[in-house]
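S.K.: Any chance you could fold what I've pasted below:
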Amino acid sequence: MTLEELSERIIAYRDAREWKQFHNPKDMAISMTLEAAELLEHFQWKNEEEMEEHVKKYKMEVGEELADVLHCILIMCHDLDIDILRASEKKMKKNELKYPVEKSKGKHTKYTNL
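M.R.: Here you go, the predicted model:
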């Protein structure tokens, strides 16, 4: 399935239930944040070893939370007429300029401090 096909399926699912009325940008952004928080719950208070074991055991559930975030993103992109692939490509070009390999490799420093 392509990203476009997935987006179409999600929108068809939403529209069949007449949920568009609830999907304004503010509420979708809130939903995206809530879904991301549910993803974070899988990792809260765990050290690296515990996280690795948890992901092995709950990989499907972690994937479902990631899918929920992606669904929110795709709904917002559809409703706001944003081409997420084009936006991502433009953002990557900006990031490549802000974080050149020779200055940022192996560092977590913000670009303003490189």
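S.K.: mind giving me the domain split of the chain?
M.R.: Listed domain ranges for the chain are 3-82, 85-114 (source: automatic domain parsing).
S.K.: what comes up buried for stretch 28-40?
M.R.: Neighbour counts using 16 or more other CB atoms under 10 Å place 28, 31, 32, 35, 39 of stretch 28-40 among the buried residues. Every C-beta, even on glycine, is put in place using the N, C-alpha and C of the backbone.
S.K.: Stretch 68-76 too?
M.R.: 68, 69, 70, 71, 72, 73, 74, 75, 76.
S.K.: okay, the domains of the chain, which one's buried deepest?
M.R.: Mean neighbour count (mean count of other CB atoms under 10 Å) peaks for domain 3-82 among these, with a mean of 13.
S.K.: what's near enough to touch residue 19?
M.R.: By CB atoms under 8 Å, 6 or more residues apart in numbering, the contact set of residue 19 is empty.
S.K.: I meant residue 71, not that one.
M.R.: residue 10.
S.K.: if we can go back for a sec, let me have the domains of the chain in JSON lines, adding mean pLDDT as columns.
M.R.: Compiled in JSON lines, the domains of the chain are given as follows (pLDDT from 0 to 100):
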{"stretch": "domain 3-82", "mean pLDDT": "98"}
{"stretch": "domain 85-114", "mean pLDDT": "94"}
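S.K.: if we can go back for a sec, tell me which of the buried residues of stretch 28-40 is nearest to residue 89?
M.R.: Relative to residue 89, the closest of the buried residues of stretch 28-40 is residue 32; by CB to CB it sits at 20.9 Å.
S.K.: Relative to residue 29, how far out is residue 88?
M.R.: Using CB to CB, to the nearest Å, residue 88 is found at 18 Å from residue 29.
S.K.: Residue 5 and residue 35, how far apart?
M.R.: From residue 5 to residue 35 the distance is 21 Å (CB to CB).
S.K.: Over to residue 100?
M.R.: Using CB to CB, residue 100 is found at 33 Å from residue 35.
S.K.: likewise residue 65?
M.R.: According to CB to CB, residue 65 and residue 35 sit 6 Å apart.
S.K.: Please apply the same query to residue 92.
M.R.: Applying CB to CB to residue 92 and residue 35 gives a distance of 24 Å.
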